[in-house]
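Undergrad: Kindly return the folded structure for what I paste below:
(2 chains)
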Amino acid sequence: MMQPVTESPNGKGILVIGGGIAGMTTAIEAAETGCDVVLVEKAPYLGGRVSRINQYFPKLCPPTCGLEINFKRIKNNARITVLTQAEVAEVTGTPGDYRATVKVSPRFVTDACTLCGKCAEVCPAERPDEYNMGLGTTKAAYLPHSMAFPAAYAIDRAACKEGCTACAEACTYGAVDLAQKAEEKVFEVASVVAATGWTPYDANKIDNLGFGRFPNVVTNVIMERLAAPNGPTAGKILRPSDQAQPKSVAFVQCAGSRDENHLPYCSAVCCAASLKQSTYVKAMDPAAEAAIFYIDIRTPGRLEDFRTKVVEEQGVELVKGKVAKVEEDPATHDLLVTAEDVLGGRKVTRRFNMVVLATGIVPNTDGLPAGFALDEFRFIAAPEGKTGLYGAGCVRRPEEVSATVQDATGAALKAYQCVVRSAHHG
Amino acid sequence: MDKKLGVYLCSGCSLGESLDMEKLAKVAQKEYKAPVCRVHPFLCGAEGVAQIRKDLEEGTVNTAVVAACSPRVKTAAFSFDPTAVIMERVNLREHVAWCQKPKDEDTQMMAEDYLRMGIVKAQKSEPLEPASEAISKTILVVGGGVAGMTAALEAAAAGYEVTLVEKQAQLGGFVGTLKSRFPQTPPYTELSADGMAEKIQALTYHPKITVLTSAAIVKTEGQPGMFDVTVEVEGGSKSFRVGSIIMATGWKPYDAAKLGHLGYGLSPDVVTNVEFERMAASGAIARPSDGRPPQSVLFIQCAGSRDKEHLPYCSSVCCMATLKHAEYLHAQNADAKAYIIYKDMRTPGQYEKYYAKAQNHPATFLTKGEVASVRKGEGGLVVEVKDTLLGGSVQIPADMVVLATGMVPNSADGEAIRQLHDAEAKVLRNESDTQRQEAEKRVAELKQHEGTEILHLTYRQGPDLPVLRYGFPDSHFVCFPYETRRTGIYTTGTVRAPMDSSHAAEDALGAAMKAIQSVELASKGQAVHPRAGDLSFPEFFLQRCTQCKRCTEECPFGTLDEDAKGTPKPNPYRCRRCGICMGACPERIISFKNYSVDMIASMIKAIEVPEEDEEKPRVLVFMCENDAYPALDIAGMNHAQYDPSVRIIPLRCLGSMNIVWIADALSGGIDGIMLIGCKYGDDYQCHFAKGSELANRRLENVKETLTRLQLESERIQVTQLAINEYGKLPVLINDFMDRIREMGPNPYKGF
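TA: Just a heads-up that it's a prediction; the model follows:
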């Protein structure tokens, strides 16, 4: 079934793939300028990775604050069509004149959902909570998180008990539709922006750092959930082996990044992220020990103030030296971190209750529609000449949130230019 | 508008089980004589919405009050044309039914009060009138460096007319003077050409771009969509109108004269990275003292940057610049030694590849370390470096020393000059010793700013963009990096933050987008971020103005100018619709059609305050609608229970809180008042920059008044709350209620 978007007065609209901070920004900035936008997100909610971050550096403010404003901008803007649980199957055509096929998976809950929560109340089945990195479960009928947008429940049919229709029966508003089918939608657009974001580098691949073998070695993305008030531990950082509050935490920088065997590039955000996470540890217990093992601390621009503040005011220790290995004391599940302390000029082994690996950024470029040029690390390379396909955010280079927003606003302009050109030539 | 009120009550989502809907309907019908009042079990469903639409279309209703869930949800279902229909949402779900005991007297009273407040608010609202001023969509770009030129070309490529003003005779800026730029394309190991000649060519002959070189802005007046700019050019001056402004005025190197401790001035062979670049760009690298090619060059990183005595921030580009300079040196003489003394090598992202390449060069020696001294030695210079990776101090002889000096934004001047004049005036006034000493200190600090003003805005709040820390004129929002505190004026490139040339070019794209968006929104009379699309404008009843200047001083966006007497001159297109001016005005003369002092005061009056002997206190809570209000919604969704004595009034920004409401509330028998807004201070989270801080300041004055009236100042509390602190809200409310109960009833109750 063909459902092209309405043409805007300026021409065709644009398609944005990915509803994280980059994609939302591109979509909103373009729509507020006057473009029609189709925003396609794979998850049942917008916000992507930032919605799972506890606080932003350097202000230590909650990402939901900016997300709330952005959701409001979307709600108030009829030019944006949001499709969740949707993926772009194919893009054909030329700049200014693309046809995009979007596959929308069923949510099994319609727009009629009022958030009353009856479906989850009666649901007998559970599923791993992907929003919390699998550190807990939700019902099979679930709201991804309390500030989720679109504000509607979803049903994970794969997790349902066979033949169960309890949610459909409980819903007074007829919002549960277990017969919902996948749909294919086609849009004619002038430009496509890929804002598909990133995945943390798989820490299981870094043998010497113990992730996957020792329960108290976690990654920086898991640490965000542990520290978040709406996370699996209600904001208390507890180490996985015994749910005890750690008295000492080591942060291992460049866990995979700047390493020819893993990611040869620098992931750019992990230094400031670990500095930030060390403040989570200190906020919980000012006497707790927090040490960051690093090659270079990279806090460009005014982020340097943040480094200074964390080190001088919070007493976080910076140790220059790449971590050679992490071992476990099986009796206590404490961890022994061996690093070359280059300033001291010797090897040191130190004991910590918990270790956080600063894993890096891997671009989500697998499965992108054909036509995007990639560099050797599979980031989207800067396009040459006039094209209609652009990247925005971490899919182009590892970068922090404000740089992503900057980049995504720029991508909105490139897409808008295609819209304007298509109106003049189309 | 002749109001035809329709009240729509939803009994779904357990509202019907929690509340007595009939009694609620009676409030609408008996107290407010609502001709239409309907109860529906699923108001947001197709049938419920169709009923409202039918009433609106048939003309039986033009003022709809929907008492159901939070206005944050079901927005599409309950959206109507704001120029024809007045629409008010009353939050009986998240703020009542889901957080209070069902079928309880106090819960019912709460719901009825909210309904009264919503009806009164709707009755006091007027439909919005779209503005229809003629808007210029021309974009002005100030600065012809890489950021400015890119912004101009890209805005023109989107179909907009652009005028670019450059103070130098040529375009190209700093990048135009470079020998080469950092790697920009895979494999990120090769330096790239500057590319500026092509850009200048494209710009010069672009039919939509007017370039003015050797030009300086002497005046910018007006507002977005209608900025009138006067520029001095060779042979006279030019005036023209533009719609929005991109400021891309770049940077200047940190003054190396202040780096005597690193050897600058000691010998001509100590140069800055900029001087080294110029040398390489113009031919051979030669030692200034004797013109011989150097056999060894020592590069000192963070020369002035990451240094509390100089620039506390990192200049971001110097690590890569030095690696590039080592490559220049080795291109000339592969055996010449390049020593690089750094604190941390910062080569983010794909630049790591270039760093890896440099590390592999046999004549490049990198070490972390602190430079202890630079002195003259036999035939050259000697640098003492401590705390190196080699352990202890080392003495390194070098033919030349290059200081990696950092970036200072070309923005601070206007602001600093204004502050300097203020401080100098204070010194002259010689009011008190402490004031004079403070001002003298300030003068000494600011004297370093010898630049000129840039935009020469005729704004009451000063001639240039206000700056935050270190002279950067940005807003510091993580989520909204292009925001400034002057509507329609955006910054880009190194004036915004230290960045390299390819980042500056990319940054310019976003700034161009914001500038275009600003004129497009202005052409529809709509507000820009964060209230994008808002059609309301502040209206001033100037006959009653007492020229107190509070509104003109407090607007965070410099919206209001003043005439000679101090009467505000509104510039509505500069307005962000936060209502801070409305909160500032003691005469209550500033209002929006859908938001006014009288409206909120009427909502307060609509609250039924029980008699003292009923022992039912009432507390008013003013909440920021952007963060605190959603947080209370989430508390409701989590079914967190809190004291039913509170009545919430959402505000566009806590800064729009007018203290007359406090007086109204207290004289009306309200026992206590909470204000819950965003965090303020250096890391402020207020979307309007200063709102919550201003509310707090106004309240300090109110507390003094309370004490005079023999009222406990603790009856008023200001709380800073982040949006994710919803878990704390019920506790905050309950604790405050406990204190109010301890204090006892407001003695003015019943007066």
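
Undergrad: what helices or strands is the helix or strand in which residue B:120 is found leaning on?
TA: When elements are assigned from DSSP states H and E, residue B:120 belongs to helix B:105-124. Here helix B:105-124 touches strand B:5-10, helix B:21-26, strand B:63-68, strand B:86-91, helix B:597-606, strand B:646-651, going by 3 or more C-beta pairs under 8 Å, 6 or more residues apart in numbering or on different chains; DSSP states H and E. (Glycine included, C-beta is placed from N, CA and C.)

Undergrad: now for the fifth one, which elements pack on it?
TA: The elements that helix B:597-606 packs onto, with contact taken as 3+ C-beta pairs under 8 Å, 6+ apart, are helix B:105-124, strand B:590-591, strand B:646-651, helix B:659-667.

Undergrad: sorry, back to before: and residue B:505, which of the helices and strands packed on helix B:105-124 is closest to it?
TA: strand B:646-651 (40.9 Å; C-beta to C-beta).

Undergrad: does chain A sit close to the closest one?
TA: No: between strand B:646-651 and chain A, judged by C-beta under 8 Å from any C-beta of the partner chain, nothing touches; the nearest distance is 12.8 Å.

Undergrad: So residue A:382 sits against residue B:183, correct?
TA: No: checked against C-beta atoms under 8 Å, the pair residue A:382 and residue B:183 is beyond contact range at 11.6 Å.

Undergrad: The two: which has the busier surroundings?
TA: Using other C-beta atoms under 10 Å in any protein chain shown as the criterion, residue A:382 and residue B:183 rank with residue B:183 on top: 20 against 17.

Undergrad: Just want the phi and psi numbers for the more buried one.
TA: phi -60, psi 140 (degrees, to the nearest 10).

Undergrad: Model confidence for it, exactly?
TA: In this prediction, residue B:183 carries a pLDDT score of 95.

Undergrad: How much space separates it from residue B:260?
TA: 35 Å (C-beta to C-beta, to the nearest Å).

Undergrad: ok, now residue B:245?
TA: 39 Å.

Undergrad: which one of the two has more residues nearby?
TA: Neighbours were counted for residue B:245 and for residue B:260 using other C-beta under 10 Å; residue B:245 has more, 28 against 12.

Undergrad: Just give the closest residue to the residue of the stretch 101-250 of chain A found nearest chain B, not the sequence neighbours.
TA: Nearest residue of the stretch 101-250 of chain A to chain B, counting by C-beta to the nearest C-beta: residue A:116, 4.5 Å away. Counting by C-beta to C-beta, 6 or more residues apart in numbering or on different chains, residue A:116 lies nearest to residue B:13, which is 4.5 Å off, once chain neighbours are set aside.

Undergrad: Quick check: which element contains the one you found?
TA: Using DSSP H and E, residue B:13 falls outside every helix and strand.

Undergrad: quick one, what contacts it?
TA: Residue B:13 is in contact with A:114, A:115, A:116, B:68, B:69, B:93, B:97, B:98, counting by C-beta atoms under 8 Å, 6 or more residues apart in numbering or on different chains.

Undergrad: if you set the cut-off to 7 Å instead, what comes out?
TA: A:114, A:116, B:69, B:93 (C-beta atoms under 7 Å, 6 or more residues apart in numbering or on different chains).

Undergrad: Secondary structure, distance to residue B:130 and pLDDT added to these, as a markdown table?
TA: Formatted as a markdown table, the contacts of residue B:13 follow (DSSP: H, G, I helix; E, B strand; the rest coil; distance: C-beta to C-beta, whole Å; pLDDT from 0 to 100):
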| residue | secondary structure | distance to residue B:130 | pLDDT |
| --- | --- | --- | --- |
| A:114 | coil | 33 | 97 |
| A:116 | coil | 37 | 96 |
| B:69 | coil | 29 | 98 |
| B:93 | helix | 32 | 98 |
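
Undergrad: Let me know the closest of those to residue B:296.
TA: Closest to residue B:296, out of all of those and judged by C-beta to C-beta, is residue B:69, at 72.9 Å.

Undergrad: Need phi/psi at residue B:366.
TA: Residue torsions, per degrees, to the nearest 10, at residue B:366 are phi -110, psi 130.

Undergrad: same thing with residue A:62?
TA: Torsion angles, degrees, to the nearest 10, at residue A:62: phi -80, psi 130.

Undergrad: just checking, it touches residue B:724?
TA: Yes: counting by C-beta atoms under 7 Å, residue B:724 is a contact partner of residue A:62 at 3.9 Å.

Undergrad: The helix or strand hosting residue B:436 - contacts with which helices or strands?
TA: Following DSSP H and E, the helix or strand that holds residue B:436 is helix B:433-446. The contact analysis (3 or more C-beta pairs under 7 Å, 6 or more residues apart in numbering or on different chains; DSSP states H and E) places helix B:433-446 against helix B:412-429.

Undergrad: In contact with the spatially most central residue of chain A, which residues are there?
TA: Centroid-nearest residue in chain A, with C-alpha atoms, centre = their mean: residue A:49, separated by 1.6 Å. When contacts are counted by C-beta under 7 Å, 6+ apart, residue A:49 touches A:20, A:197.

Undergrad: got the buried residues for the helix holding residue B:120?
TA: B:107-124 (16 or more other C-beta atoms under 10 Å in any protein chain shown).

Undergrad: what's the helix or strand just after the helix holding residue B:436 packed up against?
TA: For helix B:433-446, the succeeding helix or strand toward the C-terminus, using DSSP H and E, is strand B:489-491. On a contact count with 3+ C-beta pairs under 7 Å, 6+ apart, strand B:489-491 meets strand B:244-247, helix B:501-523.

Undergrad: Low-confidence bits of chain B, can you list those?
TA: Judged by pLDDT under 70, chain B has its weakly predicted residues at B:412-419, B:431, B:443, B:445-452, B:475, B:751.

Undergrad: Now do the domain split for it, please.
TA: B:1-127, B:139-250+B:454-523, B:254-409, B:596-751 (automatic domain parsing).

Undergrad: most packed of those domains?
TA: Each of those was scored by mean neighbour count; the highest is domain B:139-250+B:454-523, a mean of 22, by mean count of other C-beta atoms under 10 Å in any protein chain shown.

Undergrad: so how far does that domain reach from one end to the other?
TA: Start-to-end span of domain B:139-250+B:454-523 (C-alpha to C-alpha, to the nearest Å) is 14 Å.

Undergrad: starting at the chain centroid, how far to that domain?
TA: The chain centre lies 19 Å from the centre of domain B:139-250+B:454-523; the measure is C-alpha atoms, centre = their mean, to the nearest Å.
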